[in-house]
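> Sequence first, predicted coordinates after that:
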Amino acid sequence: MEGYLIKKFKCFWSWEDEEEQQWLQEMASQGMHLKARSFFGIYRFLQDAPADIVYRLDYVSNFNWNYVKTLEPDANYQQLISDAGWEHVLQASGWQYWRMPVRNGKVPEIYTDLTSKRGKYQRLLLVMCVWNLTFLPTALYPQGMLNHWDHAVLAYIVMYAIVMPTCLCFSYASLRILMRMRQLVKI
């Protein structure tokens, strides 16, 4: 693909992966093909000819091209998905971005069974819970942290402007991921 880079800002929550996939497909149909993504929702696209390309996202924390701890520890993640015809576009914060042209009107999927789709959300939920548990003691018992700081104003700013909102955000994200997993069971 040749062309020039276009930057677009768009934010998606971790449970909105299907919406993000759809948006990326719409961008490709306008000739904007994903090149990079920052943590803060800045997407860089390469301007080229419009194409019917489907994007799929998978979450694999601590991604390693040679070995990924999954239900089948010997599975070679990259090779498995690449052999199915997918092109790895990028990795961002544990999310793996894959793309493939739509062939004969059939939209391909990385995971075709519900167990594998749930596995993606279980991996994401585990990371959310670990992060939340790191902030939880401070959020539940702020006096324990505040008593050890000499600068009380700074301690309160850190506590009430950073730690508690972060903990609430991770808790809300965990709930939404659980809701997404329940939706998959109902399908």
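That came through, no problem.
> For the rest of this, base every contact and every neighbour count on C-alpha atoms.
Will do.
> So the closest residue to Glu20 other than its chain neighbours: helix, strand or coil?
Leaving aside its sequence neighbours, Glu20 sits nearest to Phe12 (Cα to Cα, 6 or more residues apart in numbering; 6.6 Å). Look at Phe12: counting by DSSP: H, G, I helix; E, B strand; the rest coil, its state is coil.
> Now Phe12. Its backbone dihedrals?
Per-residue torsions, Phe12: phi -130, psi 140 (degrees, to the nearest 10).
> Pro108 now?
The phi/psi pair for Pro108 (degrees, to the nearest 10) is phi -80, psi 160.
> Which pLDDT does the model give Gly105?
Listed pLDDT for Gly105 reads 84.
> That one: what's it in contact with?
Counting by Cα atoms under 8 Å, 6 or more residues apart in numbering, Gly105 touches no other residue.
> and the gap between it and Thr134?
Using Cα to Cα, to the nearest Å, Gly105 is found at 46 Å from Thr134.
> And for Glu87?
Applying Cα to Cα, the value for Glu87 to Thr134 is 35 Å.
> same thing with Leu124?
To Thr134, Leu124 is 16 Å away according to Cα to Cα.
> Now do the helices in the chain.
All helices of the chain, identified by DSSP state H, fall at 17-29, 77-83, 114-140, 142-146, 152-158, 164-186.
> averaging pLDDT over each of those helices, which comes out lowest?
For the helices of the chain, mean pLDDT drops lowest on helix 142-146, to a mean of 61.
> I'd guessed Ser29 sits against Ile53; true?
Yes: counting by Cα atoms under 8 Å, Ser29 touches Ile53, with 7.3 Å between them.
> Can you add mean neighbour count and distance to Ser93 and give the helices of the chain back as TSV?
Formatted as TSV, the helices of the chain follow (neighbours: other Cα atoms under 10 Å; distance: least, Cα to Cα, whole Å):
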stretch	mean neighbour count	distance to Ser93
helix 17-29	18	13
helix 77-83	14	17
helix 114-140	16	11
helix 142-146	15	29
helix 152-158	13	24
helix 164-186	16	15
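> any chance of those in TSV, with distance to Leu5 too?
Output for those, formatted as TSV (distance: least, Cα to Cα, whole Å):
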stretch	distance to Leu5
helix 17-29	13
helix 77-83	26
helix 114-140	30
helix 142-146	46
helix 152-158	38
helix 164-186	32
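> can you count the residues close to Lys10?
11 (other Cα atoms under 10 Å).
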